[in-house]
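Peer 1: pasting the sequence and the predicted model now:
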Amino acid sequence: MLGISGWEFLILAVLAAALIGPDRLPEYVAKLRTYIRQMRDMADGAKTQLKDQMGPEFQDINWRAYDPRQYDPRKIVRDALFDPEPDPAAELAGPDGVAAPQDFATPPPAYDLHKFDPDRATPFDYDAT
């Protein structure tokens, strides 16, 4: 917290109490208390405003899943290096381990050239360019 240890904070508090004096100390403590309450109310207001704007799906978010402290980089690298990759040929193989024969003798369906209209404008996607 601001690079101040417990002992340094205690020394600063005693020094502030001595400089302010016993007659003005309650006034400054009351100001500090109201300032802290205002900050807490502002934080709570921002939190409720965010929840209202996000809608009901904000309640369903599992924030612990996004906690960076749960990730172990060594485990992630170990899993990436030593996990076996799935065999792409195994996906094509049948139950007996042999891939089904493919029929390459049949030609692909022919393109209908009569559908082409040279007068028609070429489709253009404004979002893609």
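Peer 2: Structure's in. What do you need? What you see is a predicted model, and the numbers here were worked out from it, not measured in a lab.
Peer 1: low-confidence ranges, this protein, go.
Peer 2: Under the criterion pLDDT under 70, the flagged ranges of the chain are 1, 89-95, 97, 99-100, 102-103, 105, 107-109, 111-114, 129.
Peer 1: report the central residue of it.
Peer 2: With distances taken as Cα atoms, centre = their mean, residue 66 lies nearest the centre of the chain, 6.3 Å away.
Peer 1: got the contact list for it?
Peer 2: Residues counted as contacts of residue 66 (Cβ atoms under 8 Å, 6 or more residues apart in numbering): none. Quick note: C-beta positions are derived from backbone N, CA and C, even for glycine.
Peer 1: now swap in the one 4 residues further on and tell me
Peer 2: By Cβ under 8 Å, 6+ apart, the contact list for residue 70 reads residue 64.
Peer 1: mind running it again at 6 Å?
Peer 2: The contact partners of residue 70, taken as Cβ atoms under 6 Å, 6 or more residues apart in numbering, number zero.
Peer 1: state which helix of this protein is the longest.
Peer 2: Using DSSP state H, we find that the single longest helix of the chain is helix 25-54.
Peer 1: moving C-terminal of it, what's the next helix or strand?
Peer 2: Toward the C-terminus, helix 25-54 is succeeded by helix 73-82 as the next helix or strand (DSSP states H and E).
Peer 1: alpha carbons of that next one, as PDB, please.
Peer 2: Taking C-alpha atoms only, helix 73-82 is exported to PDB below (Å, rounded to 0.1, in the frame of the first residue of the first chain):
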ATOM      1  CA  PRO A  73       2.300 -21.600 -16.800                       C
ATOM      2  CA  ARG A  74       4.500 -24.700 -16.200                       C
ATOM      3  CA  LYS A  75       1.400 -27.000 -16.400                       C
ATOM      4  CA  ILE A  76       0.100 -25.300 -19.500                       C
ATOM      5  CA  VAL A  77       3.400 -25.700 -21.300                       C
ATOM      6  CA  ARG A  78       3.800 -29.300 -20.100                       C
ATOM      7  CA  ASP A  79       0.200 -30.200 -21.300                       C
ATOM      8  CA  ALA A  80       0.900 -28.500 -24.700                       C
ATOM      9  CA  LEU A  81       4.200 -30.400 -25.200                       C
ATOM     10  CA  PHE A  82       3.400 -33.800 -23.900                       C
END
